[in-house]
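**Q** Coordinates for the following, if possible.
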Amino acid sequence: MLTYIVRRLIAAVLILLGASFIVYLLTAVSGDPLMDLRASNSPNREALIQQRTDLLSLDVPPVLRYFEWLGGAASCLVPFAGTCDLGFSVTGIEVTTQLSRAMGQTIQLVTAATVLAILIGISLGIITALRQYSGLDYGVTFMAFLFFSLPVFWVAVLLKEYGAIGFNDFLQDPVIPLVALMIVGLVSAFIWFLVSNGSLKRKFIAAAIGFVVAAGILWLLDITRWFLQPGIGLIVILIGGVGIAYGMTLLTAGLKNRKALYSALITVGIGAIAYFPVQPLLDQATPLMIFLLAVATVLVGLAVGYFMGGYDRRQSMNAAALTAFLVAFLILLDRFMQSWPAYVDNGRIRGRPIATIGSSTPNIDGDFWIISLDTFTHLLLPTVALMLISLAGYSRYSRASMLEIMNQDYIRTARAKGLGERTVVMRHAFRNALIPLATLIAFDIGGLIGGAIITEQVFAFSGMGQLFVQALSRVDPNPVMGVFLITGILALVFNLVADLVYSVLDPRVRVKA
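**A** This is a model prediction of the structure:
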């Protein structure tokens, strides 16, 4: 294993050296970085030209300039030395400074979108594979191809128009008309019709229930003015927690494992008991405090599952820990909602909370909850845009992989041995279905860090993609090479990780020197 990793790393270094040399030369000879100064009428034009020439070593041939850049880039490999030197841009700013700003923006933008697209896409793919040729399968397939074919800039513009401008206008007087209630109810009924299984009569009953539930919830939110004073409350957290407990137990252990189910339900009770005592603590929240509380929550769930025991203690611990984490998330969401009115009434927000550009509201003041809500409202629309476009690919790949796995001989053997369907799907099929997806996920994560160029442009995010495009247009090799270095390293690292993940997912796969 170690020899294999070393060989891959050596090959990666050689690939990066060759690719970086070609990219640097192509950028350097693609134009004149002094063009804007040569066309200037400034009286000190010659001095500015000489200053930029000295700054970027433009009097040195491009090949030698590359090796100068390489020497500075090599210093970045020395940990904690603080000697990383990737040169300067044509504007005189250090490339390391530009990259630190751009990476922060890009990581904020793509992290949530990538994680949600992977989780939701794989889940939809597996569910539709298990319900092949059903109404749900056809519906998800249609939506997947629809989102896959839509240009991301068009999706982004629609989200800005209806998800931001339209919703902000709605918040000025949040009254839901009867027509909107009927439309939402019909959409819900259609979804329930697709999701339900069984006879046509049963499907229509499910559709009727879906219509009543969706329209009833919206009507209740309307008459209680929930959109002005949102919140979840302890009762909803309890109901949702019980549902989460059953769902996590079903996925991790099966409902026949009563110890696992009781462990999950106990964590729901602990969360309900802690709801009021934890509120004063959350008023003084910091990012570190939230992280520590999340860790403590998982540990409590693991402890409950451990002491409850059962014939498979690990299943009880998994169900309880996952339930505890999700119940804690509901409590955290409720606390965010409590801060929503103060955020909307903030002088910098002026009653229009859903943002259309940028990553934050300039000069906004507030506590942890106000600042976090501001970040969330700025990331909401670009995250949804990226997620919808990426969702289609993951759902299609996971569906195809799952269908292939479910037709294998060992799946039929597992069923013939009398194993339950949950065990067959989760323990035998799901793990092997992830193997082809490992490469796709690794490639996408490495690529997305390079920046979602179009989305960044539409939502005015100054991320890696924008830095790369602007540097290319100015014939500015150093920022181009900085972005290339980061994305190239990430692409190679994640592909190595994907190869190692193969051996974890499938014991038959072993990496060898």
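**Q** And for whichever strand or helix holds Val295, what's in contact with it?
**A** Assessed by DSSP states H and E, Val295 sits inside helix 287-308. The list of residues contacting helix 287-308 from outside it, by C-beta atoms under 8 Å, 6 or more residues apart in numbering, reads 259-260, 262-263, 266-267, 270, 278, 281, 313, 315-325, 328, 332, 368. C-beta coordinates here come from the backbone N, C-alpha and C atoms, glycine included.
**Q** just stretch 159-169 next, same as before
**A** Defining contact as C-beta under 8 Å, 6+ apart, one finds that stretch 159-169 is touched by 351-356, 380-381, 384-385, 458-459.
**Q** JSON lines please, covering the residues you listed and showing secondary structure, pLDDT and distance to Phe484.
**A** Putting those into JSON lines (DSSP: H, G, I helix; E, B strand; the rest coil; pLDDT from 0 to 100; distance: C-beta to C-beta, whole Å) gives the following:
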{"residue": "Gly351", "secondary structure": "coil", "pLDDT": "87", "distance to Phe484": "44"}
{"residue": "Arg352", "secondary structure": "coil", "pLDDT": "90", "distance to Phe484": "39"}
{"residue": "Pro353", "secondary structure": "coil", "pLDDT": "92", "distance to Phe484": "38"}
{"residue": "Ile354", "secondary structure": "coil", "pLDDT": "91", "distance to Phe484": "35"}
{"residue": "Ala355", "secondary structure": "coil", "pLDDT": "89", "distance to Phe484": "31"}
{"residue": "Thr356", "secondary structure": "coil", "pLDDT": "88", "distance to Phe484": "31"}
{"residue": "Leu380", "secondary structure": "helix", "pLDDT": "90", "distance to Phe484": "31"}
{"residue": "Leu381", "secondary structure": "helix", "pLDDT": "90", "distance to Phe484": "29"}
{"residue": "Val384", "secondary structure": "helix", "pLDDT": "89", "distance to Phe484": "29"}
{"residue": "Ala385", "secondary structure": "helix", "pLDDT": "88", "distance to Phe484": "25"}
{"residue": "Val458", "secondary structure": "helix", "pLDDT": "86", "distance to Phe484": "24"}
{"residue": "Phe459", "secondary structure": "coil", "pLDDT": "87", "distance to Phe484": "24"}
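**Q** quick one: which of the residues you listed is nearest to Arg101?
**A** Of all the contacts of stretch 159-169, the one sitting nearest Arg101 is Phe459; the distance, using C-beta to C-beta, is 16.1 Å.
**Q** since we're on the nearest residue to that closest one once chain neighbours are set aside, how many residues are nearby?
**A** Using C-beta to C-beta, 6 or more residues apart in numbering and skipping the chain neighbours, the partner closest in space to Phe459 is Pro382 (4.6 Å). Other residues within reach of Pro382, judged by other C-beta atoms under 10 Å, total 30.
**Q** From the contact counts, what lies against the helix or strand containing Pro382?
**A** Here Pro382 sits within helix 368-406, counting by DSSP H and E. Contacting helix 368-406 under the criterion 3 or more C-beta pairs under 8 Å, 6 or more residues apart in numbering; DSSP states H and E are the following elements: helix 95-130, helix 135-149, helix 152-158, helix 313-344, helix 430-448, helix 453-458.
**Q** Restricting to C-alpha, output the second one in CSV.
**A** It stands for helix 135-149. This file holds the C-alpha atoms of helix 135-149, laid out as CSV (Å, rounded to 0.1, in the frame of the first residue of the first chain):
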residue,chain,number,x,y,z
GLY,A,135,-44.3,6.4,-11.7
LEU,A,136,-41.6,7.6,-9.2
ASP,A,137,-38.9,6.3,-11.5
TYR,A,138,-40.3,8.0,-14.6
GLY,A,139,-40.9,11.3,-12.6
VAL,A,140,-37.4,11.4,-11.2
THR,A,141,-35.9,10.5,-14.6
PHE,A,142,-37.9,13.3,-16.3
MET,A,143,-36.8,15.9,-13.7
ALA,A,144,-33.2,14.7,-13.8
PHE,A,145,-32.9,15.1,-17.5
LEU,A,146,-34.7,18.4,-17.3
PHE,A,147,-32.3,19.9,-14.8
PHE,A,148,-29.3,18.3,-16.6
SER,A,149,-30.3,20.0,-19.9
